[in-house]
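1. All I have is the shape, not the residue letters:
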Ligand SMILES: O=C(O)[C@]1(O)C=C(c2cccc(Sc3ccccc3)c2)[C@@H](O)[C@H](O)C1
C-alpha cells in the first residue's frame, strides 16, 4: 500500500454543466461539490480531479495516470458509448479502474446501454447520483489496499 495513495478522477463531456439542468437525472450538485465529496471520502489520499469535453485530453490523462496514479475513476459521460480510444487507453493500465455514471444508463435510451469503457474497467458504479463518487473512492481505496 503506497504511503499516500493517489486517486485520479476523470470526468467527460458536459459534466462541467452539472447542477444546472436535468437534476432529476444527474442530481443538483455541481462538479465542484462532487470534487469536495471525493476529497472527503479519500480521507487523506491524494485526489486529482479533472473534467474535459475533449476525448483526446481524456486519453492523455489516462496515459498520465498510468505513470503516477494508484487507481483511476472515470465518468466518461457520452464518450463511454462511443470511444474505442478511451477503451484502448484504459486497457494499458495495471491499476484499478472504476467506471462511474451518475445515472443508470441501462434504464435510459438504448444508445446509452453499451459502454466501451466497461470492458476495460475493474468495476462499474452507476445510478447512485453524486453518492456514486463516494462509493467509487471507497472502492478505489479498498482495491489499492488489497493489492498491497
Ligand atoms: O450518468 C452519467 O453520469 C453519464 O455518464 C452522464 C451523461 C451526461 C450526458 C449529458 C450531460 C451530462 S452532464 C449535464 C447534466 C445536466 C445538464 C447539463 C449537463 C452528462 C451521459 O452522456 C451518460 O450516458 C451517463
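-> All right, it came through fine. All of these numbers come straight from a predicted model, not from anything done at the bench. Numbering: from 1, shown residues only.

2. ok, longest helix in this protein?
-> helix 131-147 (DSSP state H).

3. buried set for that one?
-> With burial defined by 16 or more other CB atoms under 10 Å, the residues of helix 131-147 counted as buried are 131, 132, 133, 134, 136, 137, 139, 140, 141, 143, 144. From N, CA and C alone the C-beta is placed, and that goes for glycine too.

4. again, but for stretch 40-59
-> Under the neighbour-count criterion of 16+ other CB under 10 Å, stretch 40-59 has 41, 42, 45, 47, 48, 49, 51, 52, 53, 55, 58, 59 buried.

5. Test my guess that the third one contacts residue 8.
-> No. With contacts defined as CB atoms under 8 Å, residue 45 does not count as touching residue 8, sitting 10.9 Å away.

6. Touching both of the two, which residues are there?
-> Shared contacts of residue 45 and residue 8, defined by CB atoms under 8 Å, 6 or more residues apart in numbering, are absent.

7. picking that back up, show me how far the longest helix of the chain is from its chain's centre.
-> Put simply, helix 131-147 sits 11 Å off its chain's centre (CA atoms, centre = their mean, to the nearest Å).

8. do stretch 122-140 as well
-> Relative to the centre of its chain, stretch 122-140 is centred 8 Å away, using CA atoms, centre = their mean.

9. who touches that stretch?
-> Under CB under 8 Å, 6+ apart, the answer for stretch 122-140 is 5, 7, 9, 26-27, 29, 33-34, 37-38, 41-42, 45, 47, 70-73, 96-107, 115, 118, 143.

10. In PyMOL, how would I select the buried members of those residues?
-> Those of the contacts of stretch 122-140 that count as buried under 16+ other CB under 10 Å are selected in PyMOL with:
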select buried, resi 5+7+9+26+27+29+34+37+38+41+42+45+47+70+71+72+73+96+97+98+99+100+101+102+103+105+115+118+143
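
11. now, which of the contacts of stretch 122-140 lie close to the ligand?
-> Applying CB under 6 Å from any ligand atom to the contacts of stretch 122-140, one finds that 26, 101, 102, 103, 105 fall near the ligand.

12. Okay, and which of those residues map to helices?
-> Short answer: these in helices (DSSP H) are residue 26.
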